[in-house]
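Visitor: Predicted coordinates and the sequence they were generated for:
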Amino acid sequence: MLLKVLHQMIDGKKVLLLGFGREGRALYRRITEVGGYQALGISDANPLSDAPKGVSLHIGADYQAAMTEYDIVFKSPGIVLKPEYQPEKLPCRVTSLTELFLTAYRDQCIGITGTKGKSTTSSLLYHVLHEAGVPSVLGGNIGIPTAELYEQITSETVIVMEIGVHQLEYNHVSPKTAVFLNLYEEHLDHYGTFEYYAYCKENIYRNQRPGDLLICGEPSLPAEGDCQADVLRLAKNDTNADVSLLDGNTMFYRGETCEIPADIALTGEHNRYNCAVVYALAKRLGLPDSQITDGIRSFQPLPHRLSPIGTYHGIRWVDDSISTACETCIQALNSLPDTDTVLIGGMDRGINYTQLLEYLANSPVPHIILMSDSGRRILHEAETYPESLRSRMQYAEDLPEAVALAKQITEKGRICLMSPAAASYNVYQNFEKRGEHFRQLAMQDSVAKK
């Protein structure tokens, strides 16, 4: 189905891949597989040492100008289109691998988005389905381009898609089953305003059809007439909602309840909230409680999400590099009350840190190390807060300096947590690279306690 839809989209047309990262490369393989296009180009800001032969290359700072020369443009996620190259101003069609995939398979897709929790929820749902023997695949924003799933999909396959806001921005096809977990300030360097960021996220449901399903919580519930799907309200401690987490440990779906196993590897109430969402989705697919809880019990947390590194220099190190928002740092500290030192800071994308400052002002965590650009701003904004907060703060220029300081001040036997509440792109390629560096720095010149 994917190749058929792709052929229909590109047949006889001049096709441009805007961005040639992992997703662009996966799409290139499919485009050349189906053929039929009039011309094929690749446009990227950076030089390509391994550019394929037989394509037109548009490389350099003005790479987006090439869009005017083509009929259809597949934009990679994360590329910020300049004002003069917005889709409504161009003669070409601007689309994406996500839109192509949803066009082909939307009826089989469970699309999961949210500022935070979408990777864990998507991975957990796939794990539960897989362990229960349900034919399923996992892909999307989680790092597996959907173009690489084609051979694994049959008419019986449940497709679990993590869909990030970059994949939703210009998307005009919504999955039949959509989940919108939460909404916090994020990616303001890309979207400019929180309102536009929220608008792009809402594309997860904006093009749903009658008979589709949306699981959504406040404050993201669609207004009257904005969504044609059946809407299930998601909440905490609310039996009037359709899906809820009750008392921090009970999964609730339309009157049915199930206790979360005590021995799960996932940490924190926010992850048990994700379990409640998975419970509702799995129940709708016909799974019994026993299979759902077995899957939740055997699931292992994803890397860089409250991941224990080990005990080095007498300190227990925990990597939460995935944290790029105030709320996730707060969740991490709530989940790890034995934290003695927390490392916060990274790329400054203009988000409002008032919520985090107010939380830290009332938090017992003794040592707060602020680092990099956003850490510098948080330190400046803390000047209006009581001395009881400011006295616990220290500044480090970068992660190596922050870890070195943490080794000096963290009480032995307690936790040093890196939960940056900021993106990594000013220094690292992604949060994974930042987390790997944190691990290396923590382990440096030490031997783990057996």
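Guide: Noted; the coordinates are in hand.
Visitor: Show me the domain layout of this structure.
Guide: Following automatic domain parsing, the chain resolves into domains at 2-95, 99-298, 307-443.
Visitor: how about the ones you listed in JSON lines, adding mean neighbour count and mean pLDDT?
Guide: The C-beta positions use only the backbone N, C-alpha and C, and glycine is treated the same way. Conversion of the domains of the chain to JSON lines gives the following (neighbours: other C-beta atoms under 10 Å; pLDDT from 0 to 100):
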{"stretch": "domain 2-95", "mean neighbour count": "17", "mean pLDDT": "93"}
{"stretch": "domain 99-298", "mean neighbour count": "20", "mean pLDDT": "93"}
{"stretch": "domain 307-443", "mean neighbour count": "19", "mean pLDDT": "95"}
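Visitor: residue ranges for the strands of the stretch 301-450 of the chain, please.
Guide: For the stretch 301-450 of the chain, the strands defined by DSSP state E, counting those that start in this stretch cover 307-312, 315-319, 339-344, 367-371, 393-396, 415-418.
Visitor: would you list those in TSV and tack on distance to Gln444?
Guide: Below are these laid out as TSV (distance: least, C-beta to C-beta, whole Å):
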stretch	distance to Gln444
strand 307-312	8
strand 315-319	11
strand 339-344	15
strand 367-371	17
strand 393-396	16
strand 415-418	13
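Visitor: Ok, which of those comes nearest Gly192?
Guide: Of all those, it is strand 339-344 that lies closest to Gly192, at 24.1 Å by C-beta to C-beta.
Visitor: What strands flank the closest one, and is each parallel or antiparallel?
Guide: Strand 339-344 has its sheet partners listed here by DSSP bridges as strand 367-371 (parallel), strand 415-418 (parallel).
Visitor: Tell me which of the ones you listed lies nearest to Asp320.
Guide: strand 415-418 (6.1 Å).
Visitor: May I have the closest one exported as CSV, CA atoms only?
Guide: Taking C-alpha atoms only, strand 415-418 is exported to CSV below (Å, rounded to 0.1, in the frame of the first residue of the first chain):
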residue,chain,number,x,y,z
ILE,A,415,21.6,10.7,44.0
CYS,A,416,23.0,13.1,41.4
LEU,A,417,20.2,13.5,38.8
MET,A,418,20.7,15.2,35.4
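Visitor: what comes into contact with it?
Guide: 315-321, 332-333, 336, 338-343, 399, 403, 406, 410, 435, 438, 442 (C-beta atoms under 8 Å, 6 or more residues apart in numbering).
Visitor: how does it look with 7 Å?
Guide: 315-321, 332, 336, 338-343, 406, 410, 438 (C-beta atoms under 7 Å, 6 or more residues apart in numbering).
Visitor: same thing with stretch 162-173?
Guide: 75, 77-78, 87, 94, 96, 98-99, 102-103, 106, 111-113, 118-119, 122, 140-142, 187, 197, 200-201, 203-204, 207.
Visitor: That one: end-to-end distance?
Guide: Stretch 162-173 has an end-to-end distance of 15 Å (criterion: C-alpha to C-alpha, to the nearest Å).
Visitor: Which of the helices or strands spans Ile112?
Guide: Assigned by DSSP states H and E, Ile112 falls within strand 109-113.
Visitor: dump the residue contacts of Asp294.
Guide: With C-beta under 7 Å, 6+ apart, Asp294 has these contacts: Glu131.
Visitor: Let me know the secondary structure of it.
Guide: helix (DSSP: H, G, I helix; E, B strand; the rest coil).
Visitor: packing partners for the lengthiest helix in the chain?
Guide: Of all the elements of type helix in the chain, the one with the most residues (DSSP state H) is helix 269-284. Judged by 3 or more C-beta pairs under 7 Å, 6 or more residues apart in numbering; DSSP states H and E, helix 269-284 is in contact with helix 118-131, strand 243-246, strand 250-253, helix 289-298.
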